[in-house]
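J.: Show me the folded form of this:
(one chain, ligands or ions: 1)
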Amino acid sequence: MYPQLGDEHELVRKTAREFVERRVAPLARKIDEGEYPRQLLREMGELALIAPYLPPEYGGAGLDFRSMVIGVEEIAKASPALATIAEVQGSMIAYDLFHFASEEIREKWLERVAKGERIVAFALSEPCCGSDAAAIQTSAKREGGEWVLSGTKLWITSGLYADAYIVVARTGPPELRHKSITSFFVERGNCVEVSPIKVMGLHGTGTAEVKLNGCRVGDEAVIGEVNKGFSIVLEDLNNGRTNVGAIGLGAAESAFEEAYDYARRRTAFGKALVEFQALQHYFANLYAQIEAVKNVVYTAAYFKDKGDPAFPLYAQIAKVLGSRLAVDATRIAVQIMGGYGYSADSRVEMLYRDAKATEIYEGANEVLLNVLFKLLEKIG
Ligand SMILES: Cc1cc2nc3c(=O)[nH]c(=O)nc-3n(C[C@H](O)[C@H](O)[C@H](O)COP(=O)(O)OP(=O)(O)OC[C@H]3O[C@@H](n4cnc5c(N)ncnc54)[C@H](O)[C@@H]3O)c2cc1C
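T.: Alright, predicted model coming up:
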């Protein structure tokens, strides 16, 4: 049905859907109550749903980025929290390990990350700066032939439970901004101190403050090249933003489905809710927007697969439109379902809280619009 997708992608969708129905949907509320889904991540890994684009010897399925996005969309229908953890593992961590890590780190960690056996968090944001990522203060200094990392990271997904972190740090004068930034692979040890952060939604994702108290790593821990880490971070974020678009899409589709089903069963003033034209317009509008965002998200992933230079532009569009749709669709779904929609017995109540984060994480939408505008100016 979608020109960007082939039969193999529909097969991935089928696999993901079966897994969601059998394993994720029954546990989604447990995750929402705060349980980190470690076992489900292992099961996702067994199905190669975390990083399907990787070769099989590294825990992938030899497929592509579109396959990853389809899997994330399906998982998000039941649990945006699980989808969030998985997409960070797949589109940022596994991607970095495969493309930019030293052989030593790649051989030790990549397959286990892709199989969900090990969790690695992506630690960029800090108390000082999230949107202004080039201003980060965590430092990595040379000492006795090693790198010593010190600083505080904030809002880190999986931070509480991670076995290791990709830490983005400053390796030169702050005035150089993005030109003095390097990423490091830091295994969890005594030098890492984590504390949980209570958040509005996406419970169970282990959001944490992560303090690095003089963590020592060797040169093999450098991801890419010293002082050239920022371009890798941007590449990671473009992958991630496409997947956040898919999470927004999944949440919106799920909210639509639950509200539509409810509106056909629930009666008021002697007829089914769905017979009120006001609600029909809600559904018609949401359906149109869901179809539009699907096409944008799949196109972004298609561009990634083809190495098309339009990918960064589409990654921003996918994230901005997908997250906006998620918030709109879940809000409207709660409204259509009335008191039941506001109760924790409905799925939309959780989806509404989860959806809000998609407008903020991996870059606030306003910041993405700045990027989008700059890219537009380049196109001319
Ligand atoms: C649930 C969750 C999970 C997260 N997971 C991770 C993670 O795993 N790793 C990680 O490193 N970070 C993570 N983050 C952090 C996230 O990426 C940042 O919160 C985000 O980039 C915004 O940064 P900030 O919170 O410091 O907001 P600020 O930078 O203080 O910005 C606040 C607001 O100001 C506005 N704003 C800022 N700059 C501009 C501008 N230039 N133009 C217009 N408006 C602007 C935006 O509306 C923005 O929302 C997570 C956040 C959340 C909520």
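J.: neighbours around Asn243, how many?
T.: For Asn243, the neighbour count with other C-beta atoms under 10 Å is 33. All C-beta spots, glycine's among them, are computed from the backbone N, C-alpha and C.
J.: wait, I meant Lys374
T.: Using other C-beta under 10 Å, Lys374 has 12 neighbouring residues.
J.: same question, Glu257
T.: By other C-beta under 10 Å, 14 other residues sit near Glu257.
J.: What of Phe276?
T.: Using other C-beta under 10 Å, Phe276 has 15 neighbouring residues.
J.: Now do the closest residue to it other than its chain neighbours, the pLDDT please.
T.: Nearest residue to Phe276 in three dimensions, chain neighbours excluded: Ala268, at 8.0 Å (C-beta to C-beta, 6 or more residues apart in numbering). Note on Ala268: pLDDT of 98.
J.: Name the helix or strand for the closest residue in space to Glu87 that isn't next to it in sequence, please.
T.: Closest residue to Glu87 apart from its sequence neighbours, by C-beta to C-beta, 6+ apart: Asn243 at 3.9 Å. Following DSSP states H and E, one finds Asn243 within helix 229-265.
J.: That helix close to the ligand?
T.: No - judged by C-beta under 6 Å from any ligand atom, helix 229-265 and the ligand are separated, with a smallest distance of 8.9 Å.
J.: and stretch 159-177, does that touch the ligand?
T.: No - residues of stretch 159-177 contacting the ligand under C-beta under 6 Å from any ligand atom: none, with a closest distance of 7.0 Å.
J.: First-to-last residue distance for that stretch?
T.: End-to-end distance for stretch 159-177, by C-alpha to C-alpha, to the nearest Å: 25 Å.
J.: The closest residue to the ligand within the stretch 1-150 of the chain: neighbouring residues, count only.
T.: Nearest residue of the stretch 1-150 of the chain to the ligand (C-beta to the nearest ligand atom) works out as Gly130 at 2.0 Å. The number of residues packed near Gly130 is 18, by other C-beta under 10 Å.
J.: List the residues that contact it.
T.: With contact set as C-beta atoms under 8 Å, 6 or more residues apart in numbering, Gly130 has these partners: Leu154, Trp155, Ala364.
J.: on that earlier part again, and the residue nearest to Phe276, what are its bridge partners?
T.: Ala268 has the following beta-bridge partners by DSSP bridges: Lys271.
J.: okay, now it: neighbour count?
T.: Counted with other C-beta under 10 Å, the neighbours of Ala268 add up to 11.
J.: now swap in Tyr58 and tell me
T.: Neighbour count of Tyr58, defined by other C-beta under 10 Å: 20.
J.: cool, Gly339 as well?
T.: Using other C-beta under 10 Å, Gly339 is surrounded by 8 other residues.
J.: Which neighbouring elements make contact with the helix or strand encompassing it?
T.: Per DSSP H and E: Gly339 is located in helix 338-342. Applying 3 or more C-beta pairs under 8 Å, 6 or more residues apart in numbering; DSSP states H and E, we find helix 338-342 packed against helix 229-265, helix 311-336, helix 347-358.
J.: Averaged pLDDT, that helix. What do you get?
T.: Here helix 338-342 scores 98 as its mean pLDDT.
J.: So for that helix, what gets flagged as buried?
T.: Buried residues in helix 338-342, counted by 16 or more other C-beta atoms under 10 Å: Gly341.
J.: could I have that helix exported to PDB, CA atoms only?
T.: Taking C-alpha atoms only, helix 338-342 is exported to PDB below (Å, rounded to 0.1, in the frame of the first residue of the first chain):
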ATOM      1  CA  GLY A 338     -15.000  11.000  28.100                       C
ATOM      2  CA  GLY A 339     -14.500   9.900  31.700                       C
ATOM      3  CA  TYR A 340     -13.300   6.400  30.700                       C
ATOM      4  CA  GLY A 341     -10.600   8.000  28.500                       C
ATOM      5  CA  TYR A 342      -9.400   9.900  31.500                       C
END
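J.: which residues are in contact with it?
T.: Contacts for helix 338-342 (C-beta under 8 Å, 6+ apart): Ala259, Tyr262, Ala333, Val334, Gln335, Ser346, Val348, Glu349.
J.: How far off centre is it?
T.: The chain centroid and the centroid of helix 338-342 are separated by 28 Å under C-alpha atoms, centre = their mean, to the nearest Å.
J.: Next, the contact list for the residue nearest to Glu87, please.
T.: Contacts of Asn243 (C-beta under 8 Å, 6+ apart): Met68, Val69, Val72, Ala83, Glu87, Gly90, Ser91.
J.: What's the per-residue pLDDT of it here?
T.: Confidence at Asn243, expressed as pLDDT, is 98.
J.: how many neighbours does Ala121 have?
T.: Other residues near Ala121 number 29, with proximity taken as other C-beta under 10 Å.
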